[in-house]
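Give me a 3D structure for the following:
(2 chains)
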Amino acid sequence: MKNVIKQKVVALNGNEAVAYAVKQSDVDVVAAYPITPQTIIVERFSEYVANGEVETAFVCTESEHSAMTACLTAALTGARTFTATASAGLALMHEMLFVTAGCRAPVVMAVANRALSAPLNIHGDQSDAMAQRDSGWIQLYVENAQEVYDTVIQAFKIAENPNVLLPAMVCFDGFIVSHSLENVNVLPDDAVKAFLGMRQFPTVLTHDGVKAPFRLDPEHPMTLGPAAFPNYYFEIKRQQVEALKNALSVIRQVHDEYAELSGRSYGNGLIEAYRLEDAEVATVCLGSTAGTTKIVVDELREEGVKAGLLRIRTFRPLPVDDIRRALQDVKAVAVLDKCISFGGFGGPVFHEVRHVLYDLDKRPVLVNYIYGLGGRDVPPWQIRQVYEDLKGILKEEKVKEPVNYLGLRE
Amino acid sequence: MQSEWKFTSKDIAEKPDLFMSGHRACAGCGATTVLRLLMKATRGPTIVTTATGCMQIVSSMYPYTSWAVPWVHTAFENVAANAAGIEAAIKIMKKKGRVKHSHVDVIAIAGDGGTYDIGLQALSGAMERGHDFLFVLYDNEAYMNTGIQRSGGTPLGAATTTSPAGTVVPGKLETKKPITEIMAAHEIPYVATASPYYWRDLIIKTRRGLEVEGPAFLHVFAPCPRGWRTDTAKSMELAKLAVETCVFPLWECINGEYQLSAPSKAIALSPEKKKPVREYLQLQGRFRHLFTPKFEKLIDEIQKITDQRWQRLLKKCGVSASKT
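Numbers count the residues shown, from 1 in each chain, chains lettered A, B, ... in the order given. Prediction:
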């Protein structure tokens, strides 16, 4: 990391870190609608617009549905686009998330994860983003404001890569990350600009039989978002699967490039394995809970417990091989879910991790903990309790209850 | 506001179609005629976006297309937001030197469902924000694409599959929502109604809508033989009768000033030319039940409401109502 660029340290909360990154990313169109706990992003960005600090069209739409729509068509017109939302806003966008991915529009969105109604709750959990996990978007879950800043910049480069050309959401825990002030290292403006470059467009064959950049351009008329019935639809969906697969290597590559520039890395960009090498007991989580868990892991290690943590940073596309390699030698694993999959067997992260490990000849015992719903705090002692439970499972060689609720009054 | 643009029938005939043949619309479709005429009025680089509906589905069946201009569809309720995104993108990228055209016109097209009902929120928002684009409503007065269900644009007494004429209910019980007035109330610079029978008027109004800076709204009458249960050869006759009966008067609201367009102005000046609604209704199967003893009183009601709306319009246009 000898070529690391000189950076300044700015006090920013997670939302401000997003706005700062977007300001530096030469974004053409931001279309957004306010919702707690995301609102600070659009407020800060509005100030940049009002003060002439950005060359960006800011479209203050009448709903999140229209915000996502405007980002989608702006992106198809060739613009670099950004929006931000949370909770009900993301749910309202649901229809357009699928359309955006299906139209191959590389929109970048920040999601300040928040609980879904009812009852109404403005605090953080990951139910909102998890409900969109099959929409065809790339989903990156980050731990703190620094990673928010770094990842928003990376997201543009990942989404716009012609081999990917998919929308990407950067998810971070509402209030815990969105509203906590941190010291954030920021790159110089021109370094970000150079890192991202101009938007790239793949070349496609138009109906006039000529090759042209994939965008709405009067020079080369193209029909986008057509109707495609049973004889074509399936193949088009399959192409999205392939693009998401391509995203795995692109996310790593962009992460590594950015690491060389900034000196900051987050595992391999897909997962972050923390003290997992010789771990016997481990937890798996997404987002800010990893910060708390790392402290607990360090404490346990000092006490001689072989504890580790796997943080999944890229949840879509799911880094299957990375998760397998990271967990195959662990004896007992607890998956922490900040979301319920109602009527299912545990939470969505549990589903995925358990599913991925099924094919291994030797696999760990797996249990699930649903935690932190509606913003309920998860202090270190509760995480420690999870590791204690795992130790108990190893000792008794028996799982009493595979799906558990952490910090809940029963 | 007068367009400088002068054109002859020959000019129009010779201008290549930007909405091309080969689409899958039904025989006698009024909306496709509207689209063809609409695209005759373009003045340069143009991007079109269409809401889910008849005109989207018939024109974009992959791998075919009827569009010779860049065209995009995303969903049903959001075509005005589609236009907003395109317009905002073009504007800023022009400033940054990322598009080479000095100006690109944006046209959003939706049916009555995508305008009166599910599309109203996005439409109102885009109008309030003042995006520079033309919104064209082709009004075939029901959800025709899904099989003739009633919409906010369906007129009183019309039978649809969700407002059927039964033994006790005479088709739709509610009147047509005054969508064009709602748009005029947004105080946008250009609002107008048009009918494909008066094709020259439609082309001129389209061009005005494109030329005006800021949002424009064009409400175009679009007969639907399948949904209205009419003879496929009678679509243009119905488009004429709707104007002659004042069921669908032609007018413009330019910067808040209302004015009647020539065909309706002629009726205002010579009220004896105004035809009874009966003449319009009787050609259509969707109103057939009104011509039975049980429901015929509703024809008088439709006449009364048509007259009231016409009088209100005359007042707005500054034409003395007493003469009519």
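
All the helices of chain B, in order from the start?
For chain B, the helices defined by DSSP state H occupy B:9-14, B:30-40, B:54-59, B:79-95, B:120-129, B:179-184, B:199-211, B:225-228, B:235-244, B:262-269, B:277-281, B:297-316.

Of those helices, which is nearest B:Leu156?
Among those, the nearest to B:Leu156 by CB to CB is helix B:297-316 (5.7 Å). C-beta here means a position set from N, CA and C on the backbone, and glycine is covered the same way.

Report the contact partners of A:Lys391.
A:Val281, A:Val305, A:Ala332 (CB atoms under 8 Å, 6 or more residues apart in numbering or on different chains).

Which PyMOL command selects the buried ones in these?
Buried residues within the contacts of A:Lys391, by 16 or more other CB atoms under 10 Å in any protein chain shown, are selected in PyMOL with:
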select buried, chain A and resi 281+305+332
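
Just name the closest of the contacts of A:Lys391 to chain B, please.
Taking CB to the nearest CB as the measure, A:Ala332 is the one of the contacts of A:Lys391 closest to chain B, at 46.3 Å.

for the closest one, what are its contacts?
A:Glu280, A:Val281, A:Ala282, A:Pro364, A:Val365, A:Leu366, A:Val367, A:Leu390, A:Lys391, A:Ile393, A:Leu394.

cool, A:Ser66 as well?
Contacts for A:Ser66 (CB under 8 Å, 6+ apart) come out as A:Ala31, A:Tyr33, B:Asn78, B:Ala80, B:Ala81, B:Ala84, B:Gln121, B:Ala122, B:Gly125, B:Ala126.

Give me the pLDDT value at the closest residue in space to it that isn't next to it in sequence.
Nearest residue to A:Ser66, sequence neighbours excluded (CB to CB, 6 or more residues apart in numbering or on different chains): B:Ala81, at 3.7 Å. Predicted confidence (pLDDT) for B:Ala81: 98.

Help me confirm that A:Ala326 comes into contact with A:Glu272.
No - A:Ala326 lies out of contact with A:Glu272 (CB atoms under 8 Å); the separation is 9.2 Å.

The two: which is more packed in?
The residue with more neighbours, out of A:Ala326 and A:Glu272, is A:Ala326; 27 against 21, by other CB atoms under 10 Å in any protein chain shown.

Which secondary structure element is home to that one?
helix A:320-327 (DSSP states H and E).

Restricting to C-alpha, output the helix or strand just after that helix in PDB.
Under the assignment DSSP H and E, the closest C-terminal helix or strand after helix A:320-327 is strand A:332-337. Provided in PDB are the C-alpha atoms of strand A:332-337 (Å, rounded to 0.1, in the frame of the first residue of the first chain):
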ATOM      1  CA  ALA A 332     -20.400 -24.400  15.300                       C
ATOM      2  CA  VAL A 333     -21.800 -21.300  13.600                       C
ATOM      3  CA  ALA A 334     -24.500 -18.900  14.700                       C
ATOM      4  CA  VAL A 335     -26.000 -16.800  11.900                       C
ATOM      5  CA  LEU A 336     -27.400 -13.500  13.100                       C
ATOM      6  CA  ASP A 337     -30.400 -12.100  11.200                       C
END
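
ok so, going back, which of the contacts of A:Ser66 are buried?
A:Ala31, A:Tyr33, B:Asn78, B:Ala80, B:Ala81, B:Ala84, B:Gln121, B:Ala122, B:Gly125, B:Ala126.

between the residues you listed, which is closest to A:Val250?
For the buried ones among the contacts of A:Ser66, the nearest to A:Val250 is A:Ala31 (25.1 Å; CB to CB).

for residue 80, what are its contacts?
In the absence of a named chain, this looks at chain A. By CB under 8 Å, 6+ apart, the neighbours of A:Arg80 are A:Ser25, A:Asp26, A:Val27, A:Asp28, A:Val29, A:Phe156, A:Glu160, A:Arg199.

my question was about chain B
B:Ala80 sits in contact with A:Ser66, B:Ala108, B:Ala110, B:Gly119, B:Ala122, B:Leu123, B:Gly125, B:Ala126, B:Met127, B:Phe135, where contact means CB under 8 Å, 6+ apart.

please redo it, this time with the cut-off set to 6 Å
Counting by CB atoms under 6 Å, 6 or more residues apart in numbering or on different chains, B:Ala80 touches B:Ala108, B:Ala122, B:Leu123, B:Ala126.

tell me the contacts of the third one?
Put plainly, it is B:Leu123. B:Ala80.
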